[in-house]
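S.K.: The following comprises the amino acid sequence and a computationally predicted model.
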Amino acid sequence: YDEQSSHIDWGGLELGRFELDQQEGQFDITLEMMDTNDSFHGVIKYDVELFDEPSIQRLANHFLQLAAAVAENPRLPLDDYNLVDSRQQAELLALASPRPAITPDSPFPHQLFEAQAAATPNAVAAIGGDTAWTFAELNTRANRLAVQLQQHGLSPAGRVVCLLDGGLNTAVALLATLKAGGTYVPLNVNDPTPRLQQIMRDCDAEIVLALPKADRDPTCAEPPLKPQWLRLRHGECLDDAGQPQAAANGQAQAGDSAMPVAFPGEFSAEQPAYVMYTSGSTGMPKGVCVSHRALAEHLVNIGAQYSYTAVDRALQFANTTFDPSLEQMLAPWIAGARVVFRGGELWTPADLWHCVEEQQLTMINLPPKRWATTTCPPACGWSSSAATSSPWRPWPIGDRASSVCSTPMVRPKPSSPPACSTCPTIVLRA
């Protein structure tokens with residue numbers, strides 16, 4: 001074989017190389033090997049919509065590393081061979097090494113919120129529609145409801161089911177439940193009644209926080225079960241006449257932001273802070289408990305990962321029946337940032353961009369499917385299919401579950417100029 005002339009002398013028969021255009025293959029990726037006397041030549045064919053050139057080059061290097069190792073010592077068990085060289089191995093080990101975890105000042109998330117409310121009482125904490133509450137106002141409403149939960153007999157770690165709209169009512173219900181020493185159990189008000197009944201029985205719900213009947217979708221059925229039902233409007237518990245309910249001995253009115261709720265004595269941080277139920281697609285829904293300590297540690301560490309500060313404005317987008325919904329509320333709050341609530345409405349991409357621009361959001365966290373259909377305003381001319389020229393950039397934050405379940409995104413601080421004049425610059429943190 002003559003490399004220079006690209007010809008082969010085959011016993012007097014001269015053969016030349018003839019380049020053919022690659023034809024469509026039957027597989028996403030194939031490796032073809034050819035034995036040419038003292039060496040092998042290989043060709044990798046791949047679908048360019050699934051793989052990029054650096055990925056294929058990396059796979060080819062892994063194969064060469066394995067082939068060289070096998071040739072050097074062919075008697076080793078297959079799992080003893082390395083696919084990476086020493087440099088790549090050092091890089092992988094560095095990525096796998098856990099960063100030092102941040103220990104929260106308190107193992108209870110609501111106390112982290114209370115500390116921030118005391119530090120910045122007049123800063124805006126929550127926005128829902130045309131309503132905006134400061135940290136002091138949100139803390140006051142949560143304290144008031146927490147006292148009422150205790151007065152209605154909520155036991156330590158007792159389950160509080162929330163059948164709400166995902167807006168400001170949910171914010172108050174979450175904080176109040178944690179403050180009162182209960183366990184937050186969010187459910188979707190639009191779920192079938194049998195599912196709601198089964199979950200309420202399974203978690204042994206003591207109290208259900210729900211919207212007033214007049215504010216609810218009339219097609220949504222209510223499970224006729226034994227827990228006490230309390231109705232919320234604007235974060236306030238209503239009486240039978242639909243008016244704000246006064247707590248016994250005036251405690252509810254006295255529960256201002258400076259007066260903490262009587263937290264249950266000897267209450268352990270290992271008690272469950274919330275319970276999330278699975279879809280039940282493989283059987284009965286199963287509840288997953290997360291402790292106060294685990295939630296507090298996650299919040300301070302994810303907040304540090306996102307570099308939250310008091311100037312940030314985060315979107316609460318996730319359905320309340322998914323864990324990211326708590327992260328989207330509590331992590332910004334304990335850093336002093338404000339949270340804008342989507343509520344129960346279904347948003348179009350245009351609705352999302354309107355909120356981003358109107359509220360000047362710096363953090364949005366979307367499911368990948370929603371991200372795939374999101375586009376800049378028409379004048380920008382960019383869509384998610386043209387990611388290479390977009391103002392969005394990937395930023396890995398850790399494990400595989402993070403990138404599968406949701407796609408966190410942030411916009412640079414105002415010192416960074418926007419990529420186009422029509423839309424705010426937003427950086428993708430996948």
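M.R.: Cool, got the structure.
S.K.: So which residue is dead centre in this protein?
M.R.: Pro324 (3.8 Å; CA atoms, centre = their mean).
S.K.: For it, grab phi and psi.
M.R.: Torsion angles at Pro324 (phi, psi; degrees, to the nearest 10) stand at phi -60, psi -20.
S.K.: and what of Thr140?
M.R.: Main-chain torsions, Thr140, degrees, to the nearest 10: phi -60, psi -50.
S.K.: residue boundaries of the helices in the stretch 201-350 of the chain?
M.R.: 251-254, 292-306, 324-333, 349-359 (DSSP state H, counting those that start in this stretch).
S.K.: tell me how far the last one is from the chain's mean position?
M.R.: On the basis of CA atoms, centre = their mean, to the nearest Å, helix 349-359 sits 19 Å off its chain's mean C-alpha point.
S.K.: so what secondary structure elements neighbour that helix?
M.R.: strand 313-316 (3 or more CB pairs under 8 Å, 6 or more residues apart in numbering; DSSP states H and E). C-betas here are computed from N, CA, C, even on glycine.
S.K.: Over to the longest one?
M.R.: Of the remaining helices and strands, those touching helix 292-306 by 3+ CB pairs under 8 Å, 6+ apart are helix 109-119, strand 272-277, helix 324-333.
S.K.: if we go to 7 Å?
M.R.: Packed against helix 292-306 by the contact rule (3 or more CB pairs under 7 Å, 6 or more residues apart in numbering; DSSP states H and E) you find helix 109-119, helix 324-333.
S.K.: what's the answer for the third one, then?
M.R.: Here helix 324-333 is seen to pack against helix 109-119, helix 292-306, strand 313-316, strand 338-341 when contacts are counted using 3+ CB pairs under 7 Å, 6+ apart.
S.K.: what sits up against the first one?
M.R.: Defining contact as CB atoms under 7 Å, 6 or more residues apart in numbering, one finds that helix 109-119 is touched by 104-106, 135-136, 139, 175, 178-179, 257, 260, 273, 292, 295-296, 299, 330, 333-334, 336.
S.K.: low-confidence ranges in the stretch 51-200 of the chain?
M.R.: Low-confidence segments of the stretch 51-200 of the chain (pLDDT under 70): 98.
S.K.: sorry, back to before: what count of nearby residues applies to the closest residue in space to the residue nearest to the centre of the chain that isn't next to it in sequence?
M.R.: Leaving aside its sequence neighbours, Pro324 sits nearest to Ala318 (CB to CB, 6 or more residues apart in numbering; 4.2 Å). Applying other CB atoms under 10 Å, we find 21 residues neighbouring Ala318.
S.K.: Equivalent analysis for Met363, please.
M.R.: Applying other CB under 10 Å, we find 23 residues neighbouring Met363.
S.K.: Phi first, then psi, for it.
M.R.: phi -150, psi 120.
S.K.: so Ala157 makes contact with Tyr184?
M.R.: No - here Ala157 lies out of contact with Tyr184, judged by CB atoms under 7 Å, at a distance of 10.8 Å.
S.K.: Burial-wise, tell me which of the helices of the stretch 201-350 of the chain comes out on top.
M.R.: Mean neighbour count (mean count of other CB atoms under 10 Å) peaks for helix 324-333 among the helices of the stretch 201-350 of the chain, with a mean of 25.
S.K.: Following element in sequence after the longest helix along the chain, please.
M.R.: With secondary structure taken from DSSP state H, the chain has its longest helix at helix 53-72. As assigned by DSSP states H and E, the chain's next helix or strand after helix 53-72 is helix 86-96.
S.K.: What lies in contact with that following helix?
M.R.: The contact list for helix 86-96 (CB under 7 Å, 6+ apart) reads 82, 84.
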